[in-house]
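Chemist: for reference, the sequence and a predicted model appear below.
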Amino acid sequence: MKKTIVSLLSTCLIAGGAASVSAAANPFADVPADHWAYDAVAALAADGIIEGYGDGSYRGQSNITRYEMAQMTAKAMANEKKGSTADKALIDKLAAEFAAELNNLGVRVANLERNADVVKWSGEARYTFYSQRTENAKGDTDSSNTNEVLLRLEPRAEINKNWNVHARLDAKVDLKNDTTDEVSLKRLWAQGNYKDFNVKLGRIPSGTSYNKNLMFFTQLSGVEVNYGSKVKLQARAGRISTGDMRYDDALKRATKRKTPADAVDFQSLAVTYKPGKLSMTGAYYHFKNGMFKDTFYNDNGDKDNAHIWEIAATYRFDKNIALTGAYMRNTEADKYNRSYLVHLDYKGAKKQQQGSWGAYASYRYQGGNTSIDPTCDGAFFNTKGIEIGAQYTILPNVQAKAIYFRGKQLENDLKAEKLFGRVEFWF
């Protein structure tokens, strides 16, 4: 029985540096075989507070040293929020028992904790349903429904104290047609974090410079640099796949083009200032691609650039209420060349807090030649109208969302309506 518990505890040990230290002369004595700490750590392992390794390797059948117990106690302390009241009591008891080791090796344990799990995995599973209705030029109603499940995995690997690597993999299941997509690598980038300075290199997440993303939110293959704190400067440059843009989808339908256009060249510069409860942003975005050479964009069909200017502001009245306004203009487009929104947030559903909830209401005007790929789940491409939504945390890390949009299509002033629902599971 004791060997089984020791094996279980061994799977929870911190890898890499811990193994090399214990191989050297160990200044700590073994924890006696009948010590209560074995059962305590085994209970924490069973509750997922201390995670084992999945490669099946063990470090023998020997007893655990006080040094190793201190490492596991530090690991449990780092994950204390995940535990129950009983788990926290065990962690406090272990911390008191191995206080000397934790104090003496505080820096070393902290370093081992930072590098314990070189690759950390997180992600989410989503169930999404939406039904949208549009009225065509003949007055007939077109409708479409989506019923799908998305699995998203997001590994993160630490290189050193300043640099880490991020990735995102997606896979979808179409429940209506019982079909699946292959797992696709959506993002992959290296990130360096320094005081008041941040840089991202690779295929990075990219959108408008404030969180409502009126213009677009997609992936950018290139570089992003952020500098500053109260006044923040952001610069980006790279290329964006047209396959990730709703603008290109609309042009394919309009022109019956079957092959995608080349990737879009992109650059942007934004300045954000945050004095107290107010946050203000001014930004410029430049796109260059032959897909803009269309009469939907320009009367002569002879322009391949987009010059888009943005101003946006958010004012937080208190911890529950925030109001956002934004306006964007594409100075190169002759049609659908402006976008704006007014958005009111109330409270907000917190992932870990069961029973928490939030709601919002907004008016969106999304000109198709400015809002190239807006990130909202309600309003369509090239539409205007009112969108309302709510979120509710059913269980910790389980959240439900519902959105309703009602408005009109800008190109013909015909009706557009959408009902959107989603349940998200984070892990």
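Modeler: Everything's here; your move.
Chemist: what helix or strand is S131 on?
Modeler: strand 119-135 (DSSP states H and E).
Chemist: make that A100, sorry
Modeler: Per DSSP H and E: helix 99-104 holds A100.
Chemist: what's the average pLDDT for that helix?
Modeler: The average pLDDT within helix 99-104 is 76.
Chemist: show me the shaky parts of the stretch 251-400 of the chain.
Modeler: 251-261 (pLDDT under 70).
Chemist: which regions of the stretch 1-150 of the chain sit below the pLDDT cut-off?
Modeler: Along the stretch 1-150 of the chain, the parts satisfying pLDDT under 70 run over 1-29, 51-63, 104-117.
Chemist: what segments of it are strands?
Modeler: 119-135, 141-158 (DSSP state E, counting those that start in this stretch).
Chemist: ok, which of those comes nearest R203?
Modeler: Among the strands of the stretch 1-150 of the chain, the nearest to R203 by C-beta to C-beta is strand 141-158 (13.4 Å). All C-beta atoms are positioned from the backbone trio N, CA, C, and that covers glycine.
Chemist: same question for the next helix or strand after the closest one, mean pLDDT?
Modeler: Scanning forward in sequence from strand 141-158 by DSSP H and E, the next helix or strand is strand 163-174. Averaging pLDDT along strand 163-174 gives 95.
Chemist: strand 163-174 to strand 119-135, inter-axis angle?
Modeler: Counting by axes from the mean of the first three to the mean of the last three C-alpha atoms, to 10 degrees, strand 163-174 lies at 40 degrees to strand 119-135.
Chemist: also compute the angle for strand 163-174 relative to strand 141-158, please.
Modeler: Using the same axes, to 10 degrees: strand 163-174 against strand 141-158 is 150 degrees.
Chemist: chain center to strand 163-174, what's the gap?
Modeler: 10 Å (C-alpha atoms, centre = their mean, to the nearest Å).
Chemist: same question for stretch 150-170.
Modeler: Centre-to-centre, stretch 150-170 and its host chain are 11 Å apart (C-alpha atoms, centre = their mean).
Chemist: burial count for V225?
Modeler: Neighbour count for V225, taken as other C-beta atoms under 10 Å: 15.
Chemist: okay, and the beta partners of it?
Modeler: Under DSSP bridges, the beta-bridge partners of V225 are V199, A235.
Chemist: offset the numbering so it begins at 210, please.
Modeler: Will do, 210 is the new start, and the previous item becomes V434.
Chemist: contacting residues for it?
Modeler: 406-409, 443-445 (C-beta atoms under 8 Å, 6 or more residues apart in numbering).
Chemist: likewise K560?
Modeler: Taking C-beta under 8 Å, 6+ apart as the test, what K560 contacts is 602, 605-606, 608, 635.
Chemist: relative to T481, how far out is it?
Modeler: 25 Å (C-beta to C-beta, to the nearest Å).
Chemist: related to what we said a few turns ago, could I get the strands of the stretch 210-359 of the chain as a markdown table with mean neighbour count?
Modeler: Output for the strands of the stretch 210-359 of the chain, formatted as a markdown table (neighbours: other C-beta atoms under 10 Å):
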| stretch | mean neighbour count |
| --- | --- |
| strand 328-344 | 15 |
| strand 350-367 | 14 |
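Chemist: output these as JSON lines; include the columns distance to Q618.
Modeler: JSON lines is the format used below for those (distance: least, C-beta to C-beta, whole Å):
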{"stretch": "strand 328-344", "distance to Q618": "7"}
{"stretch": "strand 350-367", "distance to Q618": "11"}
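Chemist: nearest to Q400, out of the ones you listed?
Modeler: Of the strands of the stretch 210-359 of the chain, the one closest to Q400 (C-beta to C-beta) turns out to be strand 350-367, at 9.2 Å.
Chemist: which elements pack onto that closest one?
Modeler: strand 328-344, strand 372-383 (3 or more C-beta pairs under 8 Å, 6 or more residues apart in numbering; DSSP states H and E).
Chemist: with distance to D511 added, can I get these in TSV?
Modeler: Formatted as TSV, the helices and strands packed on strand 350-367 follow (distance: least, C-beta to C-beta, whole Å):
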stretch	distance to D511
strand 328-344	30
strand 372-383	37
